[in-house]
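Enquirer: Take this sequence and fold it.
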Amino acid sequence: VQLQASGGGLVQPGGSLRLSCAASESTRNFNSMGWYRQAPGKQRELVAAVTSAGTSDGLRNYADSVKGRFTISRDNAKNTVYLQMNSLKPEDTAVYYCNGMQGWRNYWGQGTLVTVSS
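Expert: Residues are numbered from 1 along each chain as shown. Purely as a prediction, here's the structure:
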């Protein structure tokens, strides 16, 4: 299983970015998919995740710090998970990692750097 993350970059405070995570197999094969981030000197933390449970659209979970600003979505037809990030703040600066879980198996994509700075 491979996860390919993309979409990071430099953006000004208040701006938007959309991250993409393309999976090498159907996203339906994952119990959950999500995004984590790691800022310099800090531990990796969960940003947002979407599970395959619940409604056909999945259940979503967000870190308190991004609620109302970030939206995670999953396009099963494209085997891709997105993270739409709006109203970005300097404290959102980090390397963002895509994650997918299949049972006890935990898969990671390479990181994509998001820098929020004026």
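Enquirer: Going along the chain, name the strands of this protein.
Expert: According to DSSP state E, the chain carries its strands in the segments 3-6, 9-11, 17-23, 32-38, 45-51, 60-62, 70-75, 80-85, 94-102, 105-108, 112-116.
Enquirer: Kindly provide the whole-number mean pLDDT of the fifth one.
Expert: I take that to be strand 45-51. Strand 45-51 carries an average pLDDT of 94.
Enquirer: Name the residues of that strand that come out as buried.
Expert: 47-51 (16 or more other CB atoms under 10 Å). For the C-beta atoms, the positions are set from N, CA and C on the backbone; glycine is no exception.
Enquirer: what do you get for the third one?
Expert: When neighbours are counted by 16+ other CB under 10 Å, the buried residues of strand 17-23 are found to be 17, 19-23.
Enquirer: Average pLDDT for that strand, rounded please.
Expert: 97.
Enquirer: so what's the residue nearest the centre of the chain up against?
Expert: In the chain, the residue lying closest to the centroid (CA atoms, centre = their mean) is Trp35, at 2.8 Å. Trp35 sits next to 19, 21, 46-49, 72, 81, 83, 96-99 when contact means CB atoms under 8 Å, 6 or more residues apart in numbering.
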